[in-house]
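> Fold the following and give me the result.
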Amino acid sequence: MRNILIVAGKEIQEGLRNRWVLATTLLLAALALTLTFLGSAPTGNVGVRALDVVIVSLSSLTIFLVPLIALLISHDAIVGEMERGTMVLLLSYPVARWQVLLGKFAGHLAILAFATLVGYGAAAGALAATGTAIDPQSWTAFASMVGSSILLGAAFVAVGYCVSALVRDRGTAAGIAIGIWLMFVLIYDMALLGLLVVDQGRTVSGAVLSALLVLNPTDAYRLFNLTGSGNVSAFSGMAGIAQASHLTPLVLLAALAAWALVPLTFAAVAFSRREL
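Got it, this is the predicted structure:
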């Protein structure tokens, strides 16, 4: 455990030195504050709770931004150190490869979690400072959104590690990482929508659709946040999906956790077999 914490601390220090922590925190905070004050402006006229509007807006932002940030900070975690020659030096110490991998994962996840907590927390704090009434149910939904955002980031950090453990150079890792982001964030849902339009309900049943949705971590995240709370699902237009879906919040969280654990396991196996 001590070795893992030492490696995690090293990654956090490098993140501070390379301004990753500052850049991601400021970016998330700036976008979250913008969405908070622009998105919650009309709620007084339509009777929607302000924080629920913020949750819907930030959930959409998270789907596009957090996976990209996670892949950018993780795609060269292994192959980059190998190219620089620092991995050989690191493994010359009494530390196992799996400890290096877990330490790096913990460090990168800590950076992402800090940026998410501070960035999104600043948005919620600013909204509360304006005197807007926020009920406990909305605070619970917001806390769930922040926690699941960190879990979504963990899933894509693990995917980035899997890529980094398999490729031979940083350029290839970066290209694959961008391709993965495009696939999960944009292409997958467009293809799924096209399939549903062509199928017209003949083959793709509710159970099959649920299985297809959890195969994409961004869809699992979207469903968890936009259907988990009655107020949020009503505002986001997903109340019908919330009633008809076979996917409970616990199942969706389990899917996100699996998306973090399975690629990280593959990365550990690939790294353990890789020649330095």
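> Please identify the buried residues of the one helix or strand residue 264 maps to?
If you go by DSSP states H and E, residue 264 is part of helix 249-273. Neighbour-count burial for helix 249-273 flags 249, 251-253, 255-256, 259-260, 263-264, 266-268, 270-271 (criterion: 16 or more other C-beta atoms under 10 Å). All C-beta atoms are positioned from the backbone trio N, CA, C, and that covers glycine.
> Kindly indicate which of the residues you listed lies nearest residue 210.
Closest approach between these and residue 210, by C-beta to C-beta: residue 251, at 8.5 Å.
> Now that that closest one has come up, it's in contact with residue 223, right?
No: Residue 251 sits out of contact with residue 223 when judged by C-beta atoms under 8 Å, with a separation of 9.5 Å.
> What number of residues are in the vicinity of residue 57?
Per other C-beta atoms under 10 Å, the neighbour tally for residue 57 reads 20.
> Please identify which helix or strand holds it.
Going by DSSP H and E, residue 57 is part of helix 50-74.
> Check which residues of that helix are buried.
Those would be 50-63, 65-74, for helix 50-74 by 16+ other C-beta under 10 Å.
> Can you read off the pLDDT for the closest residue to residue 81 other than its chain neighbours?
Nearest residue to residue 81, sequence neighbours excluded (C-beta to C-beta, 6 or more residues apart in numbering): residue 87, at 4.0 Å. On pLDDT, residue 87 comes in at 87.
> how close does residue 87 sit to residue 274?
Residue 87 is 10 Å from residue 274, where distance means C-beta to C-beta, to the nearest Å.
> what touches both of the two?
Each of residue 78 lies in contact with both residue 87 and residue 274 under the rule C-beta atoms under 8 Å, 6 or more residues apart in numbering.
> Settle it for me: which of the two has more neighbours?
Per other C-beta under 10 Å, whichever of residue 87 and residue 274 has more neighbours is residue 87, with 20 against 15.
> Count the neighbours of residue 158 for me.
26.
> how about whichever strand or helix holds it: buried residues?
Per DSSP H and E, residue 158 falls inside helix 136-166. By neighbour count on 16+ other C-beta under 10 Å, the buried set for helix 136-166 is 138, 141-142, 144-146, 148-166.
> For the residue nearest to residue 276 when sequence neighbours are not counted, grab the count of nearby residues.
Nearest non-adjacent residue to residue 276, counting by C-beta to C-beta, 6+ apart: residue 88, 5.3 Å away. Per other C-beta under 10 Å, the neighbour tally for residue 88 reads 11.
> Work out for me the element residue 88 sits within.
Assigned by DSSP H and E, residue 88 falls within helix 86-91.
> Packing partners of that helix?
Packing partners of helix 86-91 (3 or more C-beta pairs under 8 Å, 6 or more residues apart in numbering; DSSP states H and E): helix 79-84, helix 97-129.
> okay, those helices, which one's buried deepest?
Sort the helices and strands packed on helix 86-91 by mean neighbour count, taking mean count of other C-beta atoms under 10 Å, and helix 97-129 sits at the top with a mean of 20.
> Could you count how many residues lie near residue 22?
Residue 22 has 12 neighbouring residues, counting by other C-beta under 10 Å.
> Also the one 10 residues further on?
Residue 32 sits with 25 neighbouring residues when counted by other C-beta under 10 Å.
> And for residue 185?
As a burial measure, residue 185 scores 18 neighbours (other C-beta under 10 Å).
> so what's it scoring on pLDDT?
Reading off the model, residue 185 has pLDDT 92.
> May I have the residues that are in contact with it?
By C-beta under 8 Å, 6+ apart, the contact list for residue 185 reads 63, 64, 67, 68, 218.
> quick revisit: the helix holding residue 264 packs against which elements?
So helix 249-273, by 3+ C-beta pairs under 8 Å, 6+ apart, packs with helix 97-129, helix 136-166, helix 206-214, helix 217-227.
> quick one: the shortest one to helix 249-273, angle?
If I follow you right, that is helix 206-214. Helix 206-214 runs at 50 degrees relative to helix 249-273, counting by axes from the mean of the first three to the mean of the last three C-alpha atoms, to 10 degrees.
> what does the last one give?
With the same axes, to 10 degrees applied, the angle from helix 217-227 to helix 249-273 works out at 160 degrees.
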